[in-house]
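> Predicted structure and sequence below. I'll ask about it afterward.
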Amino acid sequence: MAADPSDPVRVYCNIKASPEQVFDAWLNPKKIAKWMTAPAGDKSIKVQTEALPGTSFSFVNLRDGALINHIGEYIEIRRPHRLVFTWGIEGHPMGASRVAIDFEPNDAQTLLTLTHRGVDQEYKERTQHGWETIIGAVEASILQK
């Protein structure tokens, strides 16, 4: 089934940290290695990122004996307000899969709004749950310092 770009996956979450802390957790290789593996119980093998617009990233995890490489390219990086990137898994066409994350101060917290466009209809529920779990892991990685 084809993706419906007019119907994105959206996640809203208040995180108990400053926008700078939350934003940086999405670009810091040590933090990425923690939050990318937590939801599925994976083991982080390699995190490659330069965190500059136009550069690609690769987050390789070991899951049930198989290597899974989450890949994408940074499109927009405006610290600490907005992060936009393509998103996919190596070996599977990314198509129009694009994630935008907005970080807004909300008292002593950050309101994070994640919008993932280009998700096939059949994967929307799983994608929604995946991002909610990942965002929880991002918050936990920040609080662990």
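Alright, I've got the coordinates.

> Summarise which helices and strands the lengthiest helix in the chain is packed against.
Longest helix in the chain by number of residues (criterion: DSSP state H): helix 124-144. With contacts taken as 3 or more C-beta pairs under 8 Å, 6 or more residues apart in numbering; DSSP states H and E, helix 124-144 sits against strand 9-15, helix 19-25, helix 29-37, strand 109-117. Backbone N, C-alpha and C define where each C-beta goes, glycine included.

> Would you mind giving the ones you listed as a markdown table with mean pLDDT, distance to residue 76 and mean neighbour count added?
Below are those laid out as a markdown table (pLDDT from 0 to 100; distance: least, C-beta to C-beta, whole Å; neighbours: other C-beta atoms under 10 Å):
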| stretch | mean pLDDT | distance to residue 76 | mean neighbour count |
| --- | --- | --- | --- |
| strand 9-15 | 96 | 18 | 17 |
| helix 19-25 | 96 | 12 | 19 |
| helix 29-37 | 88 | 18 | 19 |
| strand 109-117 | 97 | 13 | 19 |
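
> Tabulate these (JSON lines), appending distance to residue 99.
As requested, the helices and strands packed on helix 124-144 are exported to JSON lines (distance: least, C-beta to C-beta, whole Å):
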{"stretch": "strand 9-15", "distance to residue 99": "9"}
{"stretch": "helix 19-25", "distance to residue 99": "14"}
{"stretch": "helix 29-37", "distance to residue 99": "14"}
{"stretch": "strand 109-117", "distance to residue 99": "5"}
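
> Quick check: which of the ones you listed is nearest to residue 81?
helix 19-25 (7.1 Å; C-beta to C-beta).

> what's the closest one in contact with?
15, 31-32, 35, 79-81, 83, 103-105, 110, 112, 138-139, 141-142 (C-beta atoms under 8 Å, 6 or more residues apart in numbering).

> same deal with stretch 89-109?
3, 5, 14-19, 22-23, 26, 58, 68-72, 75-76, 80-88, 110-119.

> can you tell me which residues contact the closest residue to residue 144 other than its chain neighbours?
Spatial nearest neighbour of residue 144, excluding adjacent residues (C-beta to C-beta, 6 or more residues apart in numbering): residue 34 at 7.3 Å. Listed by C-beta under 8 Å, 6+ apart, the contact set of residue 34 reads 44, 137, 140, 141, 144.
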